[in-house]
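# dropping a prediction and its sequence here:
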Amino acid sequence: MMPPVGHNTALFLDIDGTLLDLAREPDKVFVPQDLVMALKTLNTRLRGALAFVSGRSLMSIDSLFAPFKSAAIGAHGGEIRGVDGHVFRAGPLSQAVRDLFTGLAGNIPGLLLEDKGCALALHYRLAPEAKPVLLSAVESHRKLFDAERIDVMLGKAVIEARHRGIDKGTAVASLAKQRPFAGRHIVFGGDDTTDEDVFRILPRLGGRGFSVGRHFTGAEYLFESPRAVRQWLVDTAAAGVP
Ligand SMILES: [Mg+2]
């Protein structure tokens, strides 16, 4: 069973692990051209009601799919761009948190630090053995994070610090109020722990969810892999939106 897409659908799509296969480094993902074409077609048919919902920065999202550009939520909700191109950006993280993450990245070989301004992500896919060290470093700075109102999230081979109270769920709820998303039937897809913030609020938004790889509470549909999601989007774009 595939999620239904009609002319009154609003599509909210996570990128890594949902549309694209995960790569060893975030910059090394492969973006198939038939996916870009399908997204472009769907975005036109849905009158712009297609948005990426990613942990990546808007800049990174745009460079992946260039020249295609749509509404988008970046940095796990820290950046929200409407169809009119207007961007909301959360403020930068404090210097103390920035120093802590920079220090960890500098001291452990293989770590990649991604600075999104309003969030910091430490990727350890190239150094999986660093995970326990990172987790204990995070644990020992609990007080700092609480004082700065920062949440530290664990994703697939990534540890990310970001503002408390801002997540993919709050961002989707906010973008869903704007035109052309308002009043449409939301379909959201994700594959990772940070997507649970969206799955959780879908009932309130009257939306439906699909997950990739494994089932998440709140997701009605399950795709086996990003490849299966891409095939569904390519087929849906080819079939036309009813
Ligand atoms: Mg993902």
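Structure received.
# what residues are up against the most centrally placed residue in the chain?
Geometric centre of the chain, nearest residue: S54, 1.8 Å, by Cα atoms, centre = their mean. S54 is in contact with D14, I15, D16, S60, I61, A72, I73, G74, H76, counting by Cβ atoms under 8 Å, 6 or more residues apart in numbering. Placement of C-beta: from N, CA and C, glycine included.
# what pLDDT does it get?
Confidence per residue is given as pLDDT, and for S54 that number is 97.
# ditto for P242
On the pLDDT scale, P242 is placed at 68.
# contacting residues around L113?
F101, T102, A105, L120, A121, L122, H123.
# tell me which two of those sit farthest apart.
Among the contacts of L113, the pair separated by the greatest distance (Cβ to Cβ) is T102 and H123, at 13.9 Å.
# neighbour count for these two, which is higher?
Residue environment comparison for T102 versus H123 gives the larger neighbour count to H123, 21 against 15, counting by other Cβ atoms under 10 Å.
# not counting sequence-adjacent ones, nearest residue to that one?
Counting by Cβ to Cβ, 6 or more residues apart in numbering, H123 lies nearest to L112, which is 4.2 Å off, once chain neighbours are set aside.
# same check, this time on F12
Nearest to F12 is F188, by Cβ to Cβ, 6+ apart, at 4.3 Å.
# show me what that neighbour is bridged to.
The partner list for F188 in beta bridges (DSSP bridges) reads F12, G209.
# quick one: residues contacting it.
Remark: with contacts taken as Cβ under 8 Å, 6+ apart, F188 is in contact with F12, L13, V53, V172, D195, V198, F199, L202, G207, R208, G209, F210.
# please redo it, this time with the cut-off set to 6 Å
The neighbours of F188, taking Cβ atoms under 6 Å, 6 or more residues apart in numbering as the test, are F12, V198, G207, G209.
# separation between it and the ion?
12 Å (Cβ to the ion, to the nearest Å).
# this completes my enquiry, with thanks.
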